[in-house]
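> Kindly return the folded structure for what I paste below:
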Amino acid sequence: MIFCRSQNVPRLSRYQDYRDPYLRPDFRFRCAYCLTPELYFLHGEGGTIDHFRPVNPPSHLNVDFRHLVNEYTNLYWSCSRCNLNKGNRWPTEDEIAAGDRFLDPCVEDHDDHWTLLDDGTVRPLTSVGSYTVEVVRLNRPTLVRLRAYFRDCAAKLNELEWILATKEMDVETRLALIGQLNVLRGIVDPPPVP
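Below you'll find the predicted structure:
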């Protein structure tokens, strides 16, 4: 998934003011890193604004990103756990030279850097994937369980869609299956949290 940002976003005085009108919708109401729908983290771990290039990177890196504190293109919608794990981490020059850096979900597709296994874990395919999965801890137990649950629900959703498209049934049975289908859709792709 690659997130597309709104165009012609006005410069706002505080980076927090981008949250609801721009960040949440631009990131499809999901965490930029783990892709968890915000319904599952806003009332639990919470949603946060991540500065992709950290405002206060470790001093030994000799980089200064303070000028990006309020730059919309440096802001990413994130669950608090991914943001906390990423923290102010930024790759060193040696890590960058070796290909180790964070996935930029506004430029790159997650699926190009890791694959989702049946048990809910993600297996890195590239050094970018390895670096991001390790630093952001994308295989933390609660996230692995949630992804496995989503995968199971998506499989059931596909099965119900196939049954509804190919099988003849009475109206009552069809309506019951459509009800189940709608519940599964709400789990896999929930509506935004107001």
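> Check Asn158 and give its pLDDT.
At Asn158, the model reports a pLDDT of 94.
> List the residues that contact the most centrally placed residue in the chain.
Nearest residue to the geometric centre of the chain (C-alpha atoms, centre = their mean): Leu35, 2.2 Å. The contact partners of Leu35, by C-beta atoms under 8 Å, 6 or more residues apart in numbering, come to 1, 110. C-beta: built from backbone N, CA, C; applies to glycine.
> Would you check how far apart it and Asp17 are?
To Asp17, Leu35 is 25 Å away according to C-beta to C-beta, to the nearest Å.
> Tell me if the residue nearest to the centre of the chain really is in a helix.
No. Counting by DSSP: H, G, I helix; E, B strand; the rest coil, Leu35 falls outside a helix, being coil.
> What are the phi and psi values at it?
phi 70, psi 10 (degrees, to the nearest 10).
> which residue lies farthest from the center of this structure?
The chain, farthest from centre, C-alpha atoms, centre = their mean: Asp170 at 40.1 Å.
> pretty sure Arg14 is touching Val69, no?
No. Arg14 sits out of contact with Val69 when judged by C-beta atoms under 8 Å, with a separation of 9.6 Å.
> Of these two, which one has the most company?
Val69 (15 against 9; other C-beta atoms under 10 Å).
> before we move on, the earlier item: what's the spacing between the residue nearest to the centre of the chain and Arg147?
For Leu35, the distance to Arg147 - C-beta to C-beta - is 9 Å.
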